[in-house]
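[1] no sequence for this one, just the structure:
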């Protein structure tokens with residue numbers, strides 16, 4: 001599908017995962033022990049034959065740049081394709097100015113020089129599977145100016161808070177894009193995924209900059225709902241967002257469910273990532289794992305239950321891990337009991353015998369910290 005440029009955008013200003021985001025952008029968050037969150041939108045684009053991809057990074061770019069590299073891990077055509085990391089270099093101290101429109105405007109010449117007729121824009125902080133080639137075909141067939149991807153949910157009172165949702169008429173025409181504040185359970189959650197012609201996209205950027213320095217792409221498109229033909233297309237299948245510590249943990253642990261995992265991961269739709277060579281995980285006498293996803297290179301001498309364990313993690317004798325996400329190279333010491341915790345990379349829990357959080361308020365252990 002060479003007629004579309006893929007654009008992957010950073011998280012919105014009103015979304016921040018405290019602690020984890022101090023070290024890397026959301027797209028670089030570890031997921032299921034061996035992926036990064038950004039692997040999902042890039043893989044969706046690669047599998048849809050989009051081989052020109054622009055990835056926008058706003059802050060702490062090093063880990064994301066190291067992970068993505070030149071895009072060779074994502075099966076992008078090495079002769080015709082290209083992966084570009086684009087930066088918002090003029091970030092303001094007041095975060096309200098650091099919008100997606102601002103980042104696009106800084107790189108407008110790069111966008112305008114792309115030869116593809118259409119753009120497919122997707123977020124770096126949502127996890128889902130989608131064939132963008134089919135979505136583009138549907139967009140062209142309807143003759144719409146803009147197509148928005150949405151997911152119908154029945155738990156919007158408690159989840160997807162601060163996400164946008166869309167209101168539509170019976171013909172799936174979008175009437176408005178609004179913020180989900182938890183006032184209703186049933187919502188059509190906007191997946192921050194757009195399809196439109198490049199010329200319309202460029203026009204939206206220029207129009208937004210003239211109107212206000214703080215408008216976002218969703219806001220300027222919302223203002224144009226009465227003038228443009230904007231359609232909604234429903235997404236079906238697994239869908240998760242990373243909006244805070246709880247949603248990050250929930251997204252990881254939900255895929256311990258076999259049905260959920262097989263819905264997201266398909267042989268014909270691989271999720272690509274940067275591979276790390278390491279020996280297989282070793283299970284010692286007294287070590288056990290139940291309902292867990294454990295990456296390679298780990299040493300399991302204690303008990304792991306209903307948890308996701310990243311690469312190279314050490315679980316010492318007598319340690320108990322329940323309902324946790326433990327990221328790469330962490331150490332859980334002898335006899336330590338942790339529950340409902342997110343343990344960041346390289347952290348060591350040795351001298352605190354017990355860390356207990358709740359599913360509603362999981363704890364967070366900082367990267368490189370020693371407890």
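    All right, it came through fine. Model, not experiment: these values are computed from the prediction.

[2] and residue 85, what does it touch?
    Listed by Cβ atoms under 8 Å, 6 or more residues apart in numbering, the contact set of residue 85 reads 55, 57, 61, 64, 65, 68. To be clear about C-beta, it is placed using only N, CA and C from the backbone, and glycine gets the same treatment.

[3] Quick check: which ranges of the protein have low pLDDT?
    Across the chain, the stretches falling below the confidence threshold (pLDDT under 70) are 1-2, 13-14, 78, 89-93.

[4] Which strands and helices lie in contact with the helix of greatest length in it?
    With DSSP state H applied, the helix covering the greatest number of residues in the chain is identified as helix 198-211. Counting contacts by 3 or more Cβ pairs under 8 Å, 6 or more residues apart in numbering; DSSP states H and E, the secondary-structure elements packed against helix 198-211 are helix 100-106, helix 108-113, strand 118-123, helix 217-223.

[5] so residue 21, which of the three states?
    Each residue gets one of three states, and residue 21 gets helix by DSSP: H, G, I helix; E, B strand; the rest coil.

[6] for the nearest residue to residue 118 once chain neighbours are set aside, what are its contacts?
    For residue 118, the nearest residue in space outside its immediate sequence neighbours is residue 4; the separation is 4.2 Å by Cβ to Cβ, 6 or more residues apart in numbering. With contacts defined as Cβ under 8 Å, 6+ apart, the neighbours of residue 4 are 50, 116, 117, 118, 119, 120, 132, 136, 195.

[7] next one: residue 124
    Contact analysis of residue 124 by Cβ under 8 Å, 6+ apart lists 8, 9, 10, 11, 25, 26, 27, 37, 38, 41, 55.

[8] From the residues you listed, which land in strands?
    Secondary structure assignment by DSSP state E places 8, 9, 55 of those in strands.

[9] okay if I get these as TSV plus neighbour count and distance to residue 105?
    As requested, the ones in strands among the contacts of residue 124 are exported to TSV (neighbours: other Cβ atoms under 10 Å; distance: Cβ to Cβ, whole Å):
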residue	neighbour count	distance to residue 105
8	25	17
9	25	13
55	26	17
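
[10] Dump the residues you listed to CSV, plus distance to residue 306.
    Compiled in CSV, the ones in strands among the contacts of residue 124 are given as follows (distance: Cβ to Cβ, whole Å):
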residue, distance to residue 306
8, 31
9, 33
55, 33
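
[11] Could you point out which of these is nearest to residue 103?
    Distances from residue 103 to the ones in strands among the contacts of residue 124, taken as Cβ to Cβ, are shortest for residue 9 (7.7 Å).

[12] Tell me which residues touch that closest one, please.
    Residue 9 makes contacts with 56, 100, 103, 121, 122, 123, 124, 192, 217, as judged by Cβ under 8 Å, 6+ apart.

[13] Okay, and the beta partners of it?
    According to DSSP bridges, the partner residues bridging residue 9 are residue 123.

[14] Checking my notes, residue 195 in a helix, right?
    No. Judged by three-state DSSP, residue 195 forms no part of a helix; its state is strand.

[15] Report the central residue of the chain.
    Averaging the C-alpha coordinates of the chain gives a centre point, and the residue nearest to it by Cα atoms, centre = their mean is residue 125 (2.3 Å).

[16] Find the nearest non-adjacent residue to residue 360, please.
    Nearest non-adjacent residue to residue 360, counting by Cβ to Cβ, 6+ apart: residue 246, 6.7 Å away.

[17] neighbours of the one you found, just the number please.
    With neighbours defined by other Cβ atoms under 10 Å, the count for residue 246 comes to 18.

[18] helix or strand for it, which one?
    helix 245-254 (DSSP states H and E).

[19] Tell me which helix or strand residue 43 sits in.
    Using DSSP H and E, residue 43 sits in helix 39-47.

[20] what do you get for residue 157?
    Assignment of secondary structure by DSSP H and E places residue 157 within no helix or strand.

[21] So it sits against residue 186, correct?
    No. Here residue 157 does not reach residue 186: they are 9.3 Å apart, not a contact under Cβ atoms under 8 Å.

[22] So between those two, which is more surrounded?
    It is residue 157, of residue 157 and residue 186, that has more neighbours when counted by other Cβ under 10 Å, with 16 against 11.

[23] which residues sit in contact with that one?
    Listed by Cβ under 8 Å, 6+ apart, the contact set of residue 157 reads 182, 183, 184, 185.

[24] how about 10 Å then?
    With contact taken as Cβ atoms under 10 Å, 6 or more residues apart in numbering, residue 157 is in contact with 180, 181, 182, 183, 184, 185, 186, 187.

[25] Phi, psi for it please.
    Comment: the main-chain dihedrals of residue 157 come out as phi -70, psi -30, following degrees, to the nearest 10.

[26] separation between it and residue 180?
    Here the criterion is Cβ to Cβ, to the nearest Å. By it, residue 157 lies 9 Å from residue 180.

[27] Report the set of residues contacting both of those two.
    Applying Cβ under 10 Å, 6+ apart, one finds that residue 157 and residue 180 are jointly contacted by residue 187.

[28] From residue 232, how far off is the residue lying closest to residue 194 once chain neighbours are set aside?
    With sequence-adjacent residues excluded and distances taken as Cβ to Cβ, 6+ apart, residue 194 is closest to residue 121, at 4.3 Å. Counting by Cβ to Cβ, the gap from residue 121 to residue 232 is 15 Å.

[29] next one: residue 120
    Separation of residue 120 from residue 232 (Cβ to Cβ) stands at 16 Å.

[30] The two: which is more packed in?
    Of the pair residue 120 and residue 232, residue 120 is the one with more neighbours under other Cβ under 10 Å, namely 29 against 22.
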